[in-house]
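K.L.:
turn this into a model:
(one chain, ligands or ions: 1)
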Amino acid sequence: MTALDHEVVLEAEALTKHFPVRARGRAALSRVPKVVHAVDDVSLSLRKGRVTALVGESGSGKSTVARLLAQLYPRTGGDIRIDGVSTAVKGGRQFKAYARRVQLIFQDPFASLNPVHTVRHHLTRALKIHGRYEGEQSLTELLGRVQLTPASLYLDKYPHELSGGQRQRVSIARALAADPEALLADEPVSMLDVSIRLGVLNLLADLKNRLNLAVLYITHDIASARYFADETLVMYAGRMVEGGDSETVTQRPAHPYTHLLVHSAPDPERVRGATEPIDEEDSGEPPSLIDPPSGCRFHPRCPKAMEVCRVRVPERTLVGDAPDHWVACWLFGDEGGENETTALVGKAGDVGEVAEDGDDAELEPMTTVAGLETTSAEPEAPELEGAEP
Ligand SMILES: Nc1ncnc2c1ncn2[C@@H]1O[C@H](COP(=O)(O)OP(=O)(O)OP(=O)(O)O)[C@@H](O)[C@H]1O
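P.N.:
Predicted structure coming up:
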């Protein structure tokens, strides 16, 4: 069964978000206002009963995609469809109806739970907002879904009385109170102790199976995407560069950037054929998104860049080794100097190697694959009747 056999719940087409930049000095006199190209031309589909990982380094636009999909930000361009119907939520009732179907979980459960309210208060309120409160039993059921049992142990606790993992489980329970079709999890475990991350990821995987949820899992950690997500999408500097089933993308990456991400991520199963560690001193930097590089945005860091990469944005091309594996890279396009047999595709377990040229030592590692902070404050949700203060 391939990804295409699963029903699409939520999809984005050519999604674009530009944030205006306040110009100072001479720049303020310019007629063309500057913008941050946070997300450009991003298309993706979230499917029932599937986890889709969105992977990329800090500032690549992952959180902005999640917030656009949650309709917390208006989009600059493109379309968002839920069950095939285009939606552009303006606020109020429309937002409430949309939030019933699409829920977002943030990385910091401490910040997203109100410290002066108990678990009971948070869950009751969420259930009431979505018209699903049926007394104590609905609270018990919700906590049961996130494996916080017996419920009586947790219901009257305040957020500070819970561990990080328990707080994130309460945030997930609150999201489930809406009985959503899609769950957008923005770095759901990055603020948790390493020892409890797996438990929360397994919980999300379990919910995907039991509730047939479509889950978007945003992460810096491509190794976790391999184990936890059915499909993996890779973003670089606001654009999507590669996608396909997780095993293929992480074990036979096609895009030089994905290759770099995989190479930089610790993955205990990837020792066979792994290349020498890359010198941290030699790290490359992601570009400014106010004035992003022309053509392929990765070309200034790419050891395989060709002339065409500097001038034209590569389109999605099927890689050919797996049915849903695509890449946006000129190495794979008609104008590329190579094709899939000579590019970065290696054999499974051999992700660190460049198949023929052997020049991956020129690839610059990211210094920012793990342990990152969000660059922007959590956005305010549009106002809801009876919503959290
Ligand atoms: N509200 C905003 N106003 C202006 N620029 C923003 C805003 N939110 C995000 N950006 C910019 O958009 C770009 C993408 O940010 P985003 O937070 O989506 O990336 P990310 O991949 O989620 O990063 P991280 O992993 O650090 O959260 C960054 O350059 C960021 O500075």
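K.L.:
all contacts plus neighbour counts: C-alpha atoms, from now on.
P.N.:
Fine.
K.L.:
could you count how many residues lie near Ala322?
P.N.:
When neighbours are counted by other Cα atoms under 10 Å, Ala322 registers 14.
K.L.:
wait, what's in contact with it?
P.N.:
Neighbour list for Ala322: Gly244, Thr248 [criterion: Cα atoms under 8 Å, 6 or more residues apart in numbering].
K.L.:
roughly how far apart are it and Arg100?
P.N.:
The gap separating Ala322 from Arg100 is 35 Å, by Cα to Cα, to the nearest Å.
K.L.:
which residues of this protein fall in helices?
P.N.:
62-69, 92-101, 109-112, 119-129, 136-145, 164-176, 194-211, 222-228, 246-251, 256-264, 307-311 (DSSP state H).
K.L.:
any chance of these in a markdown table, plus mean neighbour count and distance to Val36?
P.N.:
Formatted as a markdown table, the helices of the chain follow (neighbours: other Cα atoms under 10 Å; distance: least, Cα to Cα, whole Å):
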| stretch | mean neighbour count | distance to Val36 |
| --- | --- | --- |
| helix 62-69 | 24 | 12 |
| helix 92-101 | 17 | 26 |
| helix 109-112 | 17 | 26 |
| helix 119-129 | 21 | 34 |
| helix 136-145 | 18 | 40 |
| helix 164-176 | 24 | 30 |
| helix 194-211 | 16 | 32 |
| helix 222-228 | 22 | 25 |
| helix 246-251 | 23 | 28 |
| helix 256-264 | 25 | 21 |
| helix 307-311 | 16 | 20 |
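K.L.:
which among those is found nearest to Gly238?
P.N.:
Closest approach to Gly238 among the helices of the chain is made by helix 62-69 (7.9 Å; Cα to Cα).
K.L.:
flag the shaky bits of the stretch 251-389 of the chain, pLDDT-wise.
P.N.:
266-283, 321, 333-389 (pLDDT under 70).
K.L.:
break this protein into its domains for me.
P.N.:
3-235, 240-269+285-358 (automatic domain parsing).
K.L.:
how far does the first one sit from the chain's center?
P.N.:
It stands for domain 3-235. Put simply, domain 3-235 sits 9 Å off its chain's centre (Cα atoms, centre = their mean, to the nearest Å).
K.L.:
go on, the shortest one?
P.N.:
The offset between the C-alpha centroid of domain 240-269+285-358 and the centroid of the whole chain comes to 18 Å, using Cα atoms, centre = their mean.
K.L.:
is it possible to export the helices of the chain to TSV including distance to the ligand?
P.N.:
Listed next are those as TSV, based on distance: least, Cα to the nearest ligand atom, whole Å:
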stretch	distance to the ligand
helix 62-69	4
helix 92-101	19
helix 109-112	15
helix 119-129	25
helix 136-145	28
helix 164-176	17
helix 194-211	17
helix 222-228	13
helix 246-251	19
helix 256-264	14
helix 307-311	21
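K.L.:
rank the ones you listed by pLDDT, which is bottom?
P.N.:
Among the helices of the chain, helix 109-112 carries the lowest mean pLDDT, at a mean of 81.
K.L.:
contacts for that helix, please.
P.N.:
Contacts of helix 109-112 (Cα under 8 Å, 6+ apart): Phe106, Pro159, His160, Gly164, Arg167, Gln168, Ser171.
K.L.:
pretty sure the last one sits against Gln107.
P.N.:
Same thing as Ser171. No. Assessed by Cα atoms under 8 Å, Ser171 is found out of contact with Gln107, at 9.9 Å.
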